[in-house]
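**Q** Sequence and predicted structure, then a few things I'm wondering about:
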Amino acid sequence: MSALELRDVVVDYDRRGGGTVRAVAGASLAVERGRIVGLVGESGCGKSTLARAAVGLVPVAGGTVEFEGKAVTALSRRARPADLVRLQLVFQNPYSSLNPRRTAGSQIADGLKGTRTARTARVRELCEVVGLPTTVTSRYPHEFSGGQRQRIAIARALASSPTVIVLDEPLASLDASAQAQLANLLANLARDLDVGLLLISHDLAIVRHVADEVSVMYLGKMAETGPTLALWTKPAHPYSEALIAAVPRPDGGGFLPESLPGEVPDPAHPPAGCRFHPRCPYVFDRCLVEEPPLDPLPNDRFAACWLAASKGLG
Amino acid sequence: MSVLEVESLHVQLPTPNGDVTIVDGVDYAVEAGEVLGVAGESGSGKTISMLALLGLLPERSTVQGTARFEGRDLITMPRRELRDIAGRDLAMVFQDPFTSLHPMLSVGKQLTEHVRRHLHLDRAAADRRAVELLEDVRIPDPEAALRAFPHHFSGGMRQRIAIAIALACRPKLLIADEPTTALDVTVQAGILRLLDRLRREHELAVILITHDLGVLSSIADRVSIFYAGRVVESGAREAVLTHPRHPYTRALLDALPHPEVSKERPLVAIGGSPPAPGRLPSGCAFNPRCAHAVETCRTDVPPLVVAGDRRLACPVDPFAG
């Protein structure tokens, strides 16, 4: 059993002026302890909404979310079951997720119990785990760089000894060096502390580097999932292929990345047939009328494309 | 002749603790049809050195040095004259198209206001020019787009519109400050291809400021690496990025995940953090983070000098040859 398991999750939002938008339209995902699962896709594909559903921040309209075998339901913060403290969320922007008027140490200690001495000792330990000097505890968020602030947010999440942490774009807006440090930290958390990580990111290069598995999301559904390296070297879905081709390479070669024409359509009006067909370079008749299911391929891979099976993967 | 030639640019900004040097003697030049890529961590002075050219710094800032734009010095030019040039011959695009477009003015208004002011066109001619511009940046249905407002468009489309506005008066130079940072990679690729086409078709000179060496690598002809308000290495894209010689350039590249690098190997982060402006270490500003520093690095500021196929501010030059 996976520590965190989402099955056929559906999330609807009310649209201003009436009507609903289906941000997540039946998506499944599983995170095991000690593994890093990357969730990628363009903005508007529903990845952040799925992350919120995973931790019970938004109610699901269909499907199930289970954490350690128990259902995660959207409840008010006060009624949040004690078991759920082992499921933590780290937000994109550590500027806004930390309280500017409290010291880093006191915020890390929020989730801790026990005597003051024990808590202080644990805060120091957590600082060490995330690679911050223990002197940071008496300082305020504005005194830190973006990368350090993100570490404080991670230390705060670690305080409740989580088994799974969901990270929503933790690396966005950081410099390359800070990104590298944080990526290394994430890999260490999974390896040394046996924490499962769901890493939502639009930075595909970083996801490729740290994630064990990748899920590619498009317009509320999974387009493709599978082990990172296999997916990267031979993407089964045209959307994965397009995302990977769009990543610029820092090799000095002067190759312009491939652009994917068009945009993620309005989720209120998804295209008929395959959701990706209006942007797909390989589109044919069947794609216009029939939506491809997420079908298994060899080597633990899945893809929602009529052409995937004929690609000879595996 | 270069479109823009900046020499020995120094910028000091006022802070509560006195004036602080942000840009400390920077040189660069860009030719017509060329893309100059400027890279460095946040706070390295990349953006400030560009804002200084356009007279967009806060009151009581001091700017020294020369910035010859088509032979005329932008720094000493009277403000009124600078205002005429900035926006017409010299345009700028910023990172966030959400804030650089006016939310309550139609796209058409924002496009035509500009061409009417600078090119003295009448309304009908200005509208025709606006449609032309939107076609040029590949906005679908440009006539309808003129009547729409910025919030009707996605981030990528908004950045295209911001570029169209910047191009409205056929500038000679476009300064693009992190134009793709807030965008998805698929959209980023489209903007990079757009910039590449514009510089080929319109002989546009482009200064592209970015912290993303991948972006730099895909479009820049020449690159300048900034650190703590100075250029530490500059030269042809391929030379600098395939064979970096400054320890900082090398460290920046090593920090990136690379498709060929095994994921078992941790990424190599640069130890320490960039120095705060006004609190620079003595000698080379990079020396406390540099594995190759020798005694003179701690005492003498290394000048940027010609070193074979590039310019380099590192007398140790540990990666030469």
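**A** On my side now, so go ahead.
**Q** how about the residues of the stretch 201-314 of chain A near chain B?
**A** With the criterion set to CB under 8 Å from any CB of the partner chain, the stretch 201-314 of chain A comes near chain B through A:202, A:204-206, A:208-210, A:228-229, A:232, A:242-243, A:246-261, A:263. C-beta here means a position set from N, CA and C on the backbone, and glycine is covered the same way.
**Q** From those residues, which land in strands?
**A** Counting by DSSP state E, no part of these is found in strands.
**Q** Which entries within those meet the buried criterion?
**A** Those of those that meet the buried threshold are A:202, A:204-206, A:208-210, A:228, A:232, A:242-243, A:246-252, A:257-260, A:263, by 16 or more other CB atoms under 10 Å in any protein chain shown.
**Q** Strands of the stretch 201-321 of chain B, start to end?
**A** With DSSP state E, counting those that start in this stretch, the ranges of strands along the stretch 201-321 of chain B come out as B:205-210, B:222-227, B:230-236, B:305-307, B:310-312.
**Q** Show me the shaky parts of chain A.
**A** Within chain A, the segments meeting pLDDT under 70 span A:75-79, A:314.
**Q** before we move on, what about the stretch 201-321 of chain B?
**A** B:259-264.
**Q** got the residues of it near chain A?
**A** Residues of the stretch 201-321 of chain B lying near chain A (CB under 8 Å from any CB): B:211-219, B:237-242, B:251-253, B:255-259, B:261, B:263, B:266-270, B:273.
**Q** Let's see the PyMOL selection covering just the buried ones among these.
**A** A single PyMOL command selects the buried members of those (16+ other CB under 10 Å):
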select buried, chain B and resi 211+212+213+214+215+216+217+218+219+237+238+239+240+241+251+252+253+255+256+257+258+263+266+267+268+269+270+273
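**Q** strand partners of the helix or strand where residue B:19 lies, parallel vs antiparallel please.
**A** Assigned by DSSP states H and E, residue B:19 belongs to strand B:18-30. On the basis of DSSP bridges, the sheet neighbours of strand B:18-30 come out as strand B:4-15 (antiparallel).
**Q** how big is the angle separating the strand it pairs with from strand B:230-236?
**A** Note on geometry: by axes from the mean of the first three to the mean of the last three CA atoms, to 10 degrees, strand B:4-15 and strand B:230-236 are set 160 degrees apart in direction.
**Q** quick one: the helices in the chain?
**A** In the absence of a named chain, chain A is used. A:47-54, A:94-97, A:104-108, A:116-129, A:146-158, A:176-193, A:204-210, A:228-233, A:238-245, A:285-289 (DSSP state H).
**Q** try chain B instead
**A** Going by DSSP H, chain B shows helices at B:46-53, B:79-85, B:97-100, B:107-119, B:123-136, B:142-147, B:155-167, B:185-202, B:213-219, B:237-242, B:247-254.
**Q** Can you list the buried residues in the longest one?
**A** Translated: helix B:185-202. Result for helix B:185-202 [16+ other CB under 10 Å]: buried residues B:185-196, B:198-199, B:202.
**Q** mind giving me the domain ranges of chain B?
**A** Here the domain assignment for chain B is B:4-89+B:170-312, B:99-168, based on automatic domain parsing.
**Q** and residue A:164, which of these is closest to it?
**A** domain B:4-89+B:170-312 (20.6 Å; CB to CB).
**Q** got the end-to-end distance for the closest one?
**A** 21 Å (CA to CA, to the nearest Å).
**Q** Off-centre distance for that domain?
**A** 6 Å (CA atoms, centre = their mean, to the nearest Å).
**Q** got it, and stretch A:86-94?
**A** Worked out by CA atoms, centre = their mean, stretch A:86-94 lies 10 Å from the chain centre.
**Q** thought residue B:49 was touching residue B:23?
**A** Yes. Between residue B:49 and residue B:23 there is a contact under CB atoms under 8 Å: 4.6 Å.
**Q** which residues do the two both contact?
**A** B:9, B:11 (CB atoms under 8 Å, 6 or more residues apart in numbering or on different chains).
**Q** what's the spacing between the spatially most central residue of chain B and residue B:55?
**A** Residue closest to the average C-alpha location in chain B (CA atoms, centre = their mean): residue B:209, at 2.6 Å. For residue B:209, the distance to residue B:55 (CB to CB, to the nearest Å) stands at 18 Å.
**Q** can you check residue B:67 too?
**A** From residue B:67 to residue B:55 the distance is 11 Å (CB to CB).
**Q** Same question for residue B:318.
**A** Taken as CB to CB, the span from residue B:318 to residue B:55 is 40 Å.
**Q** Check residue A:209 too.
**A** On the measure of CB to CB, residue A:209 and residue B:55 end up 42 Å apart.
**Q** What is the burial count for residue B:120?
**A** Residue B:120: 9 surrounding residues under other CB atoms under 10 Å in any protein chain shown.
**Q** For it, give me phi and psi.
**A** Residue B:120 has phi and psi values of phi 50, psi 50 when expressed as degrees, to the nearest 10.
**Q** give the contact list for it.
**A** For residue B:120, the contact set (CB under 8 Å, 6+ apart) is empty.
**Q** and it, what pLDDT?
**A** On the pLDDT scale, residue B:120 is placed at 87.
**Q** Could I get the helices of chain B in a markdown table, plus columns for distance to residue B:16?
**A** Formatted as a markdown table, the helices of chain B follow (distance: least, CB to CB, whole Å):
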| stretch | distance to residue B:16 |
| --- | --- |
| helix B:46-53 | 18 |
| helix B:79-85 | 26 |
| helix B:97-100 | 25 |
| helix B:107-119 | 36 |
| helix B:123-136 | 43 |
| helix B:142-147 | 45 |
| helix B:155-167 | 33 |
| helix B:185-202 | 37 |
| helix B:213-219 | 34 |
| helix B:237-242 | 37 |
| helix B:247-254 | 29 |
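**Q** among these, which is nearest residue B:8?
**A** Here helix B:46-53 is closest among the helices of chain B (CB to CB), at 11.6 Å.
**Q** can you give me the angle the closest one makes with strand B:230-236?
**A** Going by the same axes, to 10 degrees, helix B:46-53 makes 90 degrees with strand B:230-236.
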